[in-house]
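[1] Predicted model follows, preceded by the sequence.
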Amino acid sequence: MKCPRNKGYVYLAEWQGMHKIGQSINPAQRMNGILPGGRRLTLVHSVTTRWMQFTEQYLHRRFVRMRVPPEHAPRQQTEWFRLSQEAVCWFCSLADLSVATEDFDQLGAEPTRHRLPW
């Protein structure tokens, strides 16, 4: 499986105890356009990647057990999670994923670095 190469950031944002894992070229600017009514998310951490969409999907799969049901999430989106403190700390420990995701094309759908401890 070939992964589309789209350089940018995968970010972790917080709002009212929920966390959003998303992708953007400019995460700080993206915080303004997600919630209706001019409400703004708090950017917790962002990390560079060469495969923005794939990295975001990978992280969504890794945190699937912590996903907020769409009916309880802002705009009924599926990118919202109730992450544990341990999960937030793990995400914040990530640095440049461009290096860690360098071999995604060869690996297919499962990267080998930065695996979650749970």
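    Nice, thanks for sending it over.
[2] Tell me which residues touch residue 13, please.
    Contacts for residue 13 were tallied using CB atoms under 8 Å, 6 or more residues apart in numbering; they are 19-20, 22, 27, 31, 34, 41-44. To be clear about C-beta, it is placed using only N, CA and C from the backbone, and glycine gets the same treatment.
[3] Same check on residue 7?
    If you count contacts by CB under 8 Å, 6+ apart, then residue 7 has 48-50, 52, 98 around it.
[4] Please indicate which of those residues are buried?
    Using 16 or more other CB atoms under 10 Å as the burial test, those include 48-50, 52 as buried.
[5] For residue 56, which non-adjacent residue is spatially closest?
    Residue nearest to residue 56 in three dimensions, not counting chain neighbours: residue 23, with 4.4 Å by CB to CB, 6 or more residues apart in numbering.
[6] nope, residue 6 is what I was after
    Nearest residue to residue 6 in three dimensions, chain neighbours excluded: residue 52, at 4.6 Å (CB to CB, 6+ apart).
[7] so what pLDDT did the one you found get?
    In this prediction, residue 52 carries a pLDDT score of 88.
[8] Tell me the secondary structure at the residue lying farthest from the centre of the chain.
    Here the chain reaches farthest from its C-alpha mean at residue 37, the gap being 23.2 Å by CA atoms, centre = their mean. With DSSP: H, G, I helix; E, B strand; the rest coil as the basis, residue 37 sits in helix.
[9] middle-most residue in this structure, spatially?
    The residue lying closest to the centre of the chain (CA atoms, centre = their mean) is residue 21, at 3.1 Å.
[10] can you pull the contacts of it?
    10-12, 56, 59-60, 63, 79, 81, 91.
[11] Of these, which belong to strands?
    Counting by DSSP state E, those place 10-12, 81 in strands.
[12] Among the residues you listed, find me the one that's closest to residue 71.
    Among the ones in strands among the contacts of residue 21, residue 81 lies closest to residue 71 (CB to CB), at 14.8 Å.
[13] Next, work out how far apart the closest one and residue 69 are.
    11 Å (CB to CB, to the nearest Å).
[14] Compare the two and say which one has the larger neighbour count.
    residue 81 (22 against 9; other CB atoms under 10 Å).
[15] Alright, that wraps it up for me.
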